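Student: Got a sequence here, can you model it:
(one chain, ligands or ions: 1)
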Amino acid sequence: MGDLSGKTIIVTGASSGFGEAIAIACAEAGANLSLVARTKDALEAVAAEARGGKTLVCPADVSDDAQIYAALEKARAAFGPVDVLVNNAGTNITERSITDTTAEQWRQLLEVNLSSAFVFTKAVLPEMKARGDGLIVNIASRAGMFPSLLAGVGYSTSKIGMEALNTVTNEEGNPFGVRACLFNPGAGNTPIIDRRPVKFSQEAKMKMIQPEDIAATVVFLASLPPRVNIDLISMMPTKS
Ligand SMILES: NC(=O)c1ccc[n+]([C@@H]2O[C@H](COP(=O)([O-])OP(=O)(O)OC[C@H]3O[C@@H](n4cnc5c(N)ncnc54)[C@H](OP(=O)(O)O)[C@@H]3O)[C@@H](O)[C@H]2O)c1
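Tutor: Numbers count the residues shown, from 1 in each chain. As a prediction, the model looks like this:
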């Protein structure tokens, strides 16, 4: 594992699944972690499990800009400027088709999965540019590379949008040592998978990407120096 001692990292969606594993692995590598999600109890449980660097619980609904700014203020007050932002918070709905998805559900998916990543990125980019270093990891999805009815119209669209956000972040940030990585996982063994219309068996879930696989990759990315930019990762299970 890389050494992240002294780094300040914010992980959104840190109460469960990929985000929980990313937070625990980054703390183990020595980073100070700010944990963002809506469920305070779950964040506190993750913080209690984390060993190594310090952890700070910052409960927030990322579809609300004011709550994003409050979480960032709390994180900066505790640990200083942000070195690494992991835009990981995301959701999906059981309804996947245009026919079944309401306009309200569409807007909510874009708010949580995409607009929150823009607001967080906009907030940390100036301090990263000023310091000549910074990493933003955008946890998108292979659904952004291969949009489908199975993944859903709203979810797929939100993940395609993250590709554009990632590209422009690199265009703006690279001259200042700020990098963005679009990280596209395939099916992963986390609670979000239970919102698929067809449920998976436990055996099928064990063949999927596991949260620790995502976490190890984020630790690796965060341990690279500012001269290196890995702008795209696509990760998929070998068996299905
Ligand atoms: N698992 C997969 O197959 C897979 C594949 C590709 C990409 N992804 C992406 O990976 C990311 C993490 O998902 P996961 O698989 O780990 O699923 P998960 O276990 O359901 O985790 C989702 C996380 O997002 C948080 N979240 C949801 N809505 C939020 C809101 N309005 N405000 C703040 N936080 C919110 C949840 O916390 P609270 O409920 O406590 O708010 C939770 O911590 C998502 O962006 C997802 O799209 C997952």
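Student: top helix in the protein by residue count?
Tutor: If you go by DSSP state H, the chain has its longest helix at helix 153-173.
Student: Which neighbouring elements make contact with it?
Tutor: The criterion is 3 or more C-beta pairs under 8 Å, 6 or more residues apart in numbering; DSSP states H and E, and the helices and strands that helix 153-173 contacts are helix 103-110, helix 116-131, strand 134-139, strand 178-185. Just so you know, the C-beta spots here come from the backbone N, C-alpha and C atoms, and that holds for glycine as well.
Student: the inter-axis angle of the last one versus helix 116-131?
Tutor: Angular relation of strand 178-185 and helix 116-131 on a 0 to 180 degree scale: 150 degrees, by axes from the mean of the first three to the mean of the last three C-alpha atoms, to 10 degrees.
Student: repeat for the first one
Tutor: Direction vectors for helix 103-110 and helix 116-131, defined by the same axes, to 10 degrees, enclose an angle of 20 degrees.
Student: Which residues belonging to helix 103-110 are considered buried?
Tutor: The neighbour-count check on helix 103-110 (16 or more other C-beta atoms under 10 Å) flags 105-106, 109-110 as buried.
Student: which one is Phe18 nearest to, not counting chain neighbours?
Tutor: Ile214 (4.6 Å; C-beta to C-beta, 6 or more residues apart in numbering).
Student: Near the ligand, which residues of the chain are found?
Tutor: Residues of the chain lying close to the ligand by C-beta under 6 Å from any ligand atom are 13-19, 37-39, 42, 61-63, 88-91, 112, 139, 141, 185, 187-188, 190-193.
Student: Return the subset of those lying in strands.
Tutor: 37, 139, 185 (DSSP state E).
Student: Just list the residues touching the closest residue to the first one other than its chain neighbours, thanks.
Tutor: With C-beta to C-beta, 6+ apart as the measure, Ser15 is the residue that lies nearest to Ala37, at 3.6 Å, once sequence neighbours are left out. For Ser15, the residues meeting the contact criterion (C-beta atoms under 8 Å, 6 or more residues apart in numbering) are 35, 37-39, 42-43, 46.
Student: can you list those in a markdown table and add pLDDT?
Tutor: A markdown table is the format used below for the contacts of Ser15 (pLDDT from 0 to 100):
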| residue | pLDDT |
| --- | --- |
| Leu35 | 98 |
| Ala37 | 98 |
| Arg38 | 98 |
| Thr39 | 98 |
| Ala42 | 98 |
| Leu43 | 98 |
| Val46 | 98 |
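Student: Any of these buried? List them.
Tutor: 35, 37-38, 42-43, 46.
Student: how about Ala48, what does it touch?
Tutor: Applying C-beta under 8 Å, 6+ apart, no residues contact Ala48.
Student: my read is it is in a helix, agree?
Tutor: Yes - counting by DSSP: H, G, I helix; E, B strand; the rest coil, Ala48 is part of a helix.
Student: Alright, I will stop here.
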